[in-house]
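Asks: need coordinates for the following:
(3 chains)
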Amino acid sequence: MTIEQVQSEIQSAIPGAKVEIILNPSPSAQHSLLLDHEHVLAVATYLRDVSELRLDYCSNVTGIDWLPREKSEKVKVKNLVEGVEQEVEEVHKTVVPGYLEVVYHLFSVEKKHGPVILRLRTEDRAAKVHLPSLTPIWRAAEFQEREIFDLYGVIFDGHPDLRRILMWEGFVDHPMRRDYVEPDDYEYEPTPHDHVLQRSREESGRH
Amino acid sequence: MSSMTETTSAANDERSRKLTAGISEGQLLEVSMGPHHPSTHGVFRMDVVLDGERVVKLKPVVGYLHRNHEKIGENNSYLASMPYTDRLDYLCSLTNNWAYALAVETLAGIDVPERAQYLRVITAELTRLQNHSSVIGFLVQDMGASGTPLMYAFREREKILDLFESLTGSRMMCNYMRFGGCRIDLPAGWLDRAKKVVAGFPQFLDEYENLLGTNEILMARTQGIGALSRELAINAGVTGPLLRASGVNYDIRKVDKYGIYDRFDFKVPLGDNGDVYDRYMIRILEMRESIKILDQAMCDIPPGPIMDPKAKIRGFRPKAGEAYGRIEAPKGELGFYLISDGSGNPYRYRVRPPSFVNLTVLEDMCIGNYIADTIAILGSIDIVLGEVDR
Amino acid sequence: MLGEGIVRGLAETARNFLGSFVSKERLTTVQFPEERLPQAEAARDFPFLVYDGEDWQAGMRCVACQICEKECPPKCIFIEKSKDKKPDALGRAQFYPARFDIDVSVCMSCQICVEVCPFEAIKMDTAFELSTDDRFGGLLWDRQKLALSDAHYHAIHPTDAAHTDELLAAEKAKAEARTKAAVAKASPAPMPQPPAPAAANEP
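Replies: Next up is the predicted model:
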């Protein structure tokens, strides 16, 4: 079943569900479906249970941090320059706000096909980082969603046991975010390796 | 679906409540098993609540070996991540290499020459042999058969590690595969030595089955212990020998047919009960199938190049996009998910570790059993903390 | 019969125990360090810098291009390029490393430096008994400690070394042909081209 067919199946089965195809330009051609928060549980249940797809196995759940980025567009604007109308090119810069994304790779054990890739996006990277948890649908997401909560700071509503998993309790930041600043090493001891690390940091543009 | 209520983790809480009904708080004992406990295969901790010797609650605690492997992967070039993958599941570096190479090859559309495909199959199946033989050794060691079975298993594993050393230069951190092939060709005489080792392996398996297969103590300790239902296993994303011991026919070598696995004649052994004994037997049977694959591969391996001439080692910059590549590692589905933004470093580098996801069902398997059985159950999952914590 | 399995297992143990007196296959223990097994030819531990001839400073193949420093996954190599140039094995003026340090406490023996080196200048050693009582200085190896002769390379990796010699000889022949052609044309000698990094994919 192609990704377009899956999209239309979902849309006809769950009215109102917003399903957008995110194309993947690489040779892998693994395209994915972007879902909205309201219908995702219904869509996930449908994908798991419908007999043609039976995506009963959720293999991989992972987070991605997309920083806000600047998008520049060249726009032709008509301007009055010294009383004469001229067409001038102007560069419009718009900031695309950042968001956190969670990706689910689904396979079917029964039908032996896949992957069907689902994506969910938070509204921003600071306060509105809530997403519905898919752990009630696929138990496989339990630890992996905890890991995303731990390392990216996405809050999964409806997760049965949302605690930090790899970092310790009481740790404050989310280390997999792109703008994470490494703390000073509290067990620091000078080693001959310091200048090497220093140079590699300078080269890669990190602090 | 009727099984839905059973697969959620709320079912565990319900079972805990039932087991502790009528027992006062003071009678329950909280034990923190690990992180430095010899049976936990590394630094793994289980927060266990006991009623007498019976487990009523168990929460796995991981992260003691966490080094943010994925962040290191994002800060490094594609090539530089290859030796780091050796250190995920440090018993099976060659399958880790393969999974990562496969993901990058999917991302960039690189072909792998025929001979390199055979080399990959041979090294990966040898990895499976040495992983499974040491794992069943560890399993019975954890249950108290200290020494003998583990040492016999290690004696055989050593022969395979010697093969790895003479091929790749290192016994465990092989760093052998590259995007579009393998790093070096077989040294002279290697194939004959490997054939000899593989030919001797069935005898070791027969001996091992004599040693343990019908041992009444082993059977009493493992049969009916830690049974995992088919529905729960699928829903919880359990993969590898654990899934197949529960009777689910799902082997990525058969499903995806990655590499050249469609050319080999081998069976997928399945269990009936999904208990610890089935997992032990599945591993023995899988080794026998691996030997079959090895026999065919070592017979058919053609001469030819081992690297795709178009593949670049240095300055590798795949086009923007993403790819998920997965293989059947000895512990289950090992996947790599890569997002490229067109630069020399991956934008996102994700490892889907099999034993981390397999730990999800540890509590389900342990509740209601004795504390001593949790050790057998944990041993049968086959975790490696390098991979769980990353 | 209950206990049959245990008896069968014990019989297997006895077979292995008694077998260890007659069969080498079943007695695999080696009494290290008195007894030693030969090392595999491909074995690798830490990198070293190859030099030709007798003098390590004059014969060092490394031209301080810093590719290995960039590609090193754990970033354990530190190179400072020289200010001046000196002739290399082909007689061309080249930079040399004024400083070349490897922190072996950080090195993870992956041999990516060997793979990416276009000058066949860095190779893997097989020495493994390297413990030291000086945690900082003793594990930071400078270029003098890293420099080992080509003869040593031939001794530990004969097959690889023969192949490397072939590559270098081909390189040299090419360079000579180029200079000859240049002389024949009677034009000013062109700047010698550094060899293409064709050797990045090790055979």
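Asks: CA atoms for contacts and neighbours, from now on please.
Replies: Will do.
Asks: on the three-state scheme, A:Gln198 is what?
Replies: Under DSSP: H, G, I helix; E, B strand; the rest coil, A:Gln198 falls in the helix class.
Asks: show the average pLDDT along stretch A:194-204.
Replies: The pLDDT scores in stretch A:194-204 average 71.
Asks: what does stretch A:16-32 give?
Replies: 84.
Asks: again with stretch B:202-211
Replies: 87.
Asks: got the contact list for the nearest residue to A:Leu47 once chain neighbours are set aside?
Replies: Nearest residue to A:Leu47, sequence neighbours excluded (CA to CA, 6 or more residues apart in numbering or on different chains): A:Leu55, at 5.8 Å. Each residue near A:Leu55 by CA atoms under 8 Å, 6 or more residues apart in numbering or on different chains is listed here: A:Leu47, A:Arg48, A:Asp49, A:Leu106, A:Phe107, A:Ser108, A:Val109, A:Gly114.
Asks: go again using 6 Å as the cut-off
Replies: A:Leu47, A:Arg48, A:Leu106, A:Phe107, A:Ser108 (CA atoms under 6 Å, 6 or more residues apart in numbering or on different chains).
Asks: ok, B:Pro181 to A:Val61 distance?
Replies: If you look again at residue B:181, you'll see it is Gly, not Pro. Distance, B:Gly181 to A:Val61, by CA to CA, to the nearest Å: 29 Å.
Asks: neighbour count winner among the two?
Replies: B:Gly181 (28 against 25; other CA atoms under 10 Å in any protein chain shown).
Asks: which pLDDT value belongs to residue 126?
Replies: Chain wasn't specified; assuming chain A. A:Ala126 is given a pLDDT of 82.
Asks: switch to chain C, please.
Replies: For C:Thr126, the predicted pLDDT is 88.
Asks: coming back round to it: okay, the contacts of A:Leu55 in JSON lines with neighbour count next?
Replies: Below are the contacts of A:Leu55 laid out as JSON lines (neighbours: other CA atoms under 10 Å in any protein chain shown):
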{"residue": "A:Leu47", "neighbour count": "21"}
{"residue": "A:Arg48", "neighbour count": "22"}
{"residue": "A:Leu106", "neighbour count": "24"}
{"residue": "A:Phe107", "neighbour count": "23"}
{"residue": "A:Ser108", "neighbour count": "21"}
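Asks: which ones among these map onto strands?
Replies: A:Leu106, A:Phe107 (DSSP state E).
Asks: output the contacts of A:Leu55 as JSON lines; include the columns pLDDT.
Replies: Shown next, in JSON lines, are the contacts of A:Leu55 (pLDDT from 0 to 100):
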{"residue": "A:Leu47", "pLDDT": "88"}
{"residue": "A:Arg48", "pLDDT": "87"}
{"residue": "A:Leu106", "pLDDT": "91"}
{"residue": "A:Phe107", "pLDDT": "91"}
{"residue": "A:Ser108", "pLDDT": "90"}
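Asks: and stretch A:61-75, what's buried?
Replies: For stretch A:61-75, a neighbour-count test (16 or more other CA atoms under 10 Å in any protein chain shown) marks A:Val61, A:Thr62, A:Gly63, A:Ile64, A:Asp65, A:Trp66, A:Leu67 as buried.
Asks: so what does the residue lying closest to the fifth one once chain neighbours are set aside look like in phi/psi?
Replies: Spelled out, it's A:Asp65. Nearest non-adjacent residue to A:Asp65, counting by CA to CA, 6+ apart: A:Leu100, 4.8 Å away. For A:Leu100, the backbone dihedrals (degrees, to the nearest 10) come out as phi -100, psi 140.
Asks: A:Leu100 contacts A:Glu123, correct?
Replies: No: counting by CA atoms under 6 Å, no contact exists between A:Leu100 and A:Glu123, whose distance comes to 7.8 Å.
Asks: who has more neighbours out of these two?
Replies: A:Leu100 (24 against 16).
Asks: distance of the more buried one from chain C?
Replies: A:Leu100 sits 28 Å away from chain C, going by CA to the nearest CA, to the nearest Å.
Asks: how far away is that residue from A:Pro160?
Replies: Counting by CA to CA - A:Leu100 and A:Pro160 are separated by 21 Å.
Asks: one more: B:Gly144?
Replies: For B:Gly144, the distance to A:Pro160 - CA to CA - is 36 Å.
Asks: which of the two has more neighbours?
Replies: Between B:Gly144 and A:Pro160, A:Pro160 has the larger neighbour count (other CA under 10 Å), namely 15 against 11.
Asks: show me which residues of chain C are close to chain A?
Replies: Taking CA under 6 Å from any CA of the partner chain, the part of chain C that reaches chain A is made up of C:Phe78.
Asks: can you tell me the residue of chain C closest to chain A?
Replies: Taking CA to the nearest CA as the measure, chain C has C:Phe78 as its residue closest to chain A, at 5.8 Å.
Asks: what is the burial count for that residue?
Replies: With other CA under 10 Å as criterion, C:Phe78 counts 22.
Asks: which SS state does it fall under?
Replies: strand.
Asks: for it, which non-adjacent residue is closest in space?
Replies: Counting by CA to CA, 6+ apart, C:Phe78 lies nearest to C:Asp101, which is 5.1 Å off, once chain neighbours are set aside.
Asks: for the strand or helix carrying that neighbour, which helices and strands make contact with it?
Replies: Secondary structure from DSSP states H and E places C:Asp101 in strand C:97-103. Judged by 3 or more CA pairs under 6 Å, 6 or more residues apart in numbering or on different chains; DSSP states H and E, the packing partners of strand C:97-103 are strand C:77-81, strand C:140-141.
Asks: report the mean per-residue pLDDT for the shortest one.
Replies: Over the span of strand C:140-141, the pLDDT mean works out to 84.
Asks: that one pairs with which strands?
Replies: strand C:97-103 (antiparallel) (DSSP bridges).
Asks: the strand it pairs with to strand C:77-81, inter-axis angle?
Replies: Interaxial angle of strand C:97-103 relative to strand C:77-81 (axes from the mean of the first three to the mean of the last three CA atoms, to 10 degrees): 170 degrees.
Asks: and chain B, is the helix or strand just after strand C:97-103 touching that?
Replies: Using DSSP H and E, the helix or strand that directly follows strand C:97-103 along the chain is helix C:112-116. No: counting by CA under 6 Å from any CA, no contacts exist between helix C:112-116 and chain B, the nearest distance being 7.0 Å.
Asks: A strand includes A:Asn60, no?
Replies: Yes: counting by three-state DSSP, A:Asn60 is part of a strand.
Asks: beta partners of it?
Replies: Beta-bridge partners, per DSSP bridges, of A:Asn60: A:His105.
Asks: how close does it sit to A:Pro15?
Replies: Distance from A:Asn60 to A:Pro15, by CA to CA: 27 Å.
Asks: those two: who's more crowded?
Replies: Counted by other CA under 10 Å, A:Asn60 and A:Pro15 do not tie: A:Asn60 has more neighbours, with 27 against 9.
Asks: tell me the angle of the helix or strand of chain A with the lowest mean pLDDT relative to strand C:97-103?
Replies: The weakest-scoring helix or strand in chain A, judged by mean pLDDT, DSSP states H and E, is helix A:194-204 (a mean of 71). Relative orientation of helix A:194-204 and strand C:97-103, computed by the same axes, to 10 degrees: 100 degrees.
Asks: which helices and strands does helix A:194-204 pack with?
Replies: Helix A:194-204 packs on no helix or strand, going by 3+ CA pairs under 6 Å, 6+ apart.
Asks: mind checking the SS state of C:Thr159?
Replies: Relying on three-state DSSP, one would call C:Thr159 helix.
Asks: how many other residues sit next to it?
Replies: C:Thr159 has 13 nearby residues by other CA under 10 Å.
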